[in-house]
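**Student:** Give me the fold of what follows.
(one chain, ligands or ions: 1)
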Amino acid sequence: MALLLAVAAGSSAAFLHAAPTRRTTPHRGAVVRLQVGDFVDPDLVSGTFVVDELAATWARAGKGRQLWKPGDKTDSAALDYKLLYTTWKLNPLVLHGYEHCPFCTRARLVLAWVGMPFVCRFYGYGAGADPVKCEGFGYDPVEGGVVPLIGSKVCPVLSGAGVPVREGQLGLPESLEICSFAAGVAKDRRIAPATGRKDIDEWLNRVKPTREALERPRLLRMAVPDFADQRDVEYARWKHTRSGFDFDAAEKATPKLLAELAPLLDELGTMLRGRDPAHGSMPTLNLWGLSIDDSLVLPVLRSLTCVKGLEMPPLVREYVETGCARAGVPLFTEMAS
Ligand SMILES: N[C@@H](CCC(=O)N[C@@H](CS)C(=O)NCC(=O)O)C(=O)O
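**Tutor:** Prediction:
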């Protein structure tokens, strides 16, 4: 063994310094070949077993080559994608958002369902709002929240190597664009596109005023990063109040609102047509399993878990519990009020 190592070490030095004699067919490490001019090609071997082995190890380790980085092109688009995906595994994408926000939840669910490597970064809800434009509410208008990424304080935003961005931006905003991008590049699992089902669209519209009245006062009381600072709470109250929302009246109307919501939740139960065997058999809106349709409805149900005493029909409860659990997204039940 000692002898073999000595021979190997000697040959290694010879390989590094000796003039190459012949080119072999590319071995495993050789496929990562960038279309750039000046890099050392280690596919030049001496023809002896030990040296060939060392050359293969050298090449597999990527020694002597210019390292691939996102944006580089090899001679194969499939390989570029593979390398990009490996980059994401090592350096996960970042989903910037608010914990309470349904649009952020939508992106988070889809990214997790399809197995994208990502982490979440949450912000205070008032960070990035300009007090000059918001009657004194908000703070850090230049550096706060996602302003440095996209120039405005709207979440969610996805950032990271290889994420497509518009000119002048450093991240991809818009929840459905993030979902579409993720569905297009995901490797581990798939999600079906949205159907455009009219019943889903109508249900979302009909439930909106009731759920907003129930959620808004309660979301602000939750122990989440979004409202950790009193300035975040004040900004949110200002934002909704100026658009005509009455926090006190909404809280007082809780029994009436709950009564309004109950038949809508029953109706949703009848709209759940399938289950997804690839996702722990969770209930789904469509017969063929998870689709973008589910990412439109589930965030709404998740938000509603901040309402104490809210009863959901068993299938709807199972839908929100399993759908969110599959994505590692917590419900608000323990913070409900
Ligand atoms: N169409 C956008 C809507 C995003 C949106 O409205 N986000 C809200 C959070 S719930 C936001 O960031 N609002 C900032 C503000 O109002 O200050 C999407 O789907 O991503």
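**Student:** can you list the residues that contact the helix or strand hosting Leu176?
**Tutor:** Taking DSSP states H and E as the criterion, the element that holds Leu176 is helix 175-185. Among residues not part of helix 175-185, those counted as contacts by C-beta atoms under 8 Å, 6 or more residues apart in numbering are 81, 84-85, 95, 103-104, 106-107, 110-111, 114, 116, 156, 158, 163-164, 172, 190-191, 193, 292, 295. Backbone N, C-alpha and C define where each C-beta goes, glycine included.
**Student:** Buried among these? Make that a ChimeraX selection.
**Tutor:** In ChimeraX syntax, the buried subset of the contacts of helix 175-185 is picked out as below (16 or more other C-beta atoms under 10 Å):
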select :84,85,95,103,104,106,107,110,111,114,116,156,158,163,172,191,292,295
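**Student:** show me which of the contacts of helix 175-185 neighbour the ligand.
**Tutor:** Residues of the contacts of helix 175-185 in contact with the ligand (C-beta under 6 Å from any ligand atom): Phe103, Pro156.
**Student:** Can you tell me which of the contacts of helix 175-185 end up in strands?
**Tutor:** Using DSSP state E, the members of the contacts of helix 175-185 that fall in strands are Leu95, Leu158, Leu172.
**Student:** residues in contact with whichever residue of the stretch 1-150 of the chain sits closest to the ligand?
**Tutor:** Proximity of the stretch 1-150 of the chain to the ligand (C-beta to the nearest ligand atom) peaks at Cys101, 3.4 Å away. Taking C-beta under 8 Å, 6+ apart, we find Cys101 in contact with Cys155, Pro156, Asp226.
**Student:** Nearest to Glu53 among these?
**Tutor:** Pro156 (48.8 Å; C-beta to C-beta).
**Student:** State the distance from that closest one to Cys101.
**Tutor:** Applying C-beta to C-beta, to the nearest Å, the value for Pro156 to Cys101 is 7 Å.
**Student:** For the stretch 1-150 of the chain, which segments count as helices?
**Tutor:** Ranges of helices within the stretch 1-150 of the chain are 2-17, 49-60, 77-90, 102-113, 147-150, based on DSSP state H, counting those that start in this stretch.
**Student:** mind exporting the longest helix along the chain as PDB, just the C-alpha atoms?
**Tutor:** Criterion DSSP state H: the longest helix present in the chain is helix 198-219. What follows is helix 198-219, C-alpha atoms only, in PDB (Å, rounded to 0.1, in the frame of the first residue of the first chain):
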ATOM      1  CA  LYS A 198     -64.700  30.000 -12.600                       C
ATOM      2  CA  ASP A 199     -66.100  28.500  -9.400                       C
ATOM      3  CA  ILE A 200     -62.800  29.100  -7.600                       C
ATOM      4  CA  ASP A 201     -62.500  32.700  -8.800                       C
ATOM      5  CA  GLU A 202     -66.100  33.500  -7.800                       C
ATOM      6  CA  TRP A 203     -65.600  31.800  -4.400                       C
ATOM      7  CA  LEU A 204     -62.400  33.900  -3.700                       C
ATOM      8  CA  ASN A 205     -64.300  37.100  -4.600                       C
ATOM      9  CA  ARG A 206     -67.300  36.200  -2.500                       C
ATOM     10  CA  VAL A 207     -65.300  35.300   0.600                       C
ATOM     11  CA  LYS A 208     -63.000  38.300   0.400                       C
ATOM     12  CA  PRO A 209     -65.000  41.000   2.400                       C
ATOM     13  CA  THR A 210     -65.900  38.600   5.100                       C
ATOM     14  CA  ARG A 211     -62.500  37.100   5.600                       C
ATOM     15  CA  GLU A 212     -60.700  40.400   5.500                       C
ATOM     16  CA  ALA A 213     -63.000  41.800   8.200                       C
ATOM     17  CA  LEU A 214     -62.200  38.700  10.300                       C
ATOM     18  CA  GLU A 215     -58.500  38.600   9.600                       C
ATOM     19  CA  ARG A 216     -57.300  42.200   9.600                       C
ATOM     20  CA  PRO A 217     -57.600  43.000  13.300                       C
ATOM     21  CA  ARG A 218     -56.300  39.600  14.300                       C
ATOM     22  CA  LEU A 219     -53.300  39.400  12.000                       C
END
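**Student:** after it comes which helix or strand?
**Tutor:** Assigned by DSSP H and E, the successor of helix 198-219 is helix 230-242.
**Student:** How far off centre is that next one?
**Tutor:** 27 Å (C-alpha atoms, centre = their mean, to the nearest Å).
**Student:** now swap in stretch 273-289 and tell me
**Tutor:** Chain-centre distance of stretch 273-289: 21 Å, with C-alpha atoms, centre = their mean.
**Student:** What would that stretch look like as PDB? C-alpha coordinates only.
**Tutor:** Output in PDB follows, covering the C-alpha atoms of stretch 273-289 (Å, rounded to 0.1, in the frame of the first residue of the first chain):
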ATOM      1  CA  ARG A 273     -62.500  17.100  -6.100                       C
ATOM      2  CA  GLY A 274     -59.300  15.100  -5.600                       C
ATOM      3  CA  ARG A 275     -56.400  14.000  -3.500                       C
ATOM      4  CA  ASP A 276     -52.700  13.900  -4.400                       C
ATOM      5  CA  PRO A 277     -50.900  10.600  -3.800                       C
ATOM      6  CA  ALA A 278     -47.500  12.300  -4.300                       C
ATOM      7  CA  HIS A 279     -48.300  14.700  -1.400                       C
ATOM      8  CA  GLY A 280     -49.500  12.400   1.400                       C
ATOM      9  CA  SER A 281     -52.900  12.100  -0.300                       C
ATOM     10  CA  MET A 282     -53.800  15.600   0.700                       C
ATOM     11  CA  PRO A 283     -57.100  16.900  -0.600                       C
ATOM     12  CA  THR A 284     -56.900  19.100  -3.700                       C
ATOM     13  CA  LEU A 285     -59.200  21.200  -5.800                       C
ATOM     14  CA  ASN A 286     -58.600  19.200  -9.000                       C
ATOM     15  CA  LEU A 287     -58.900  15.500  -9.600                       C
ATOM     16  CA  TRP A 288     -55.300  15.100 -10.800                       C
ATOM     17  CA  GLY A 289     -53.800  16.500  -7.600                       C
END
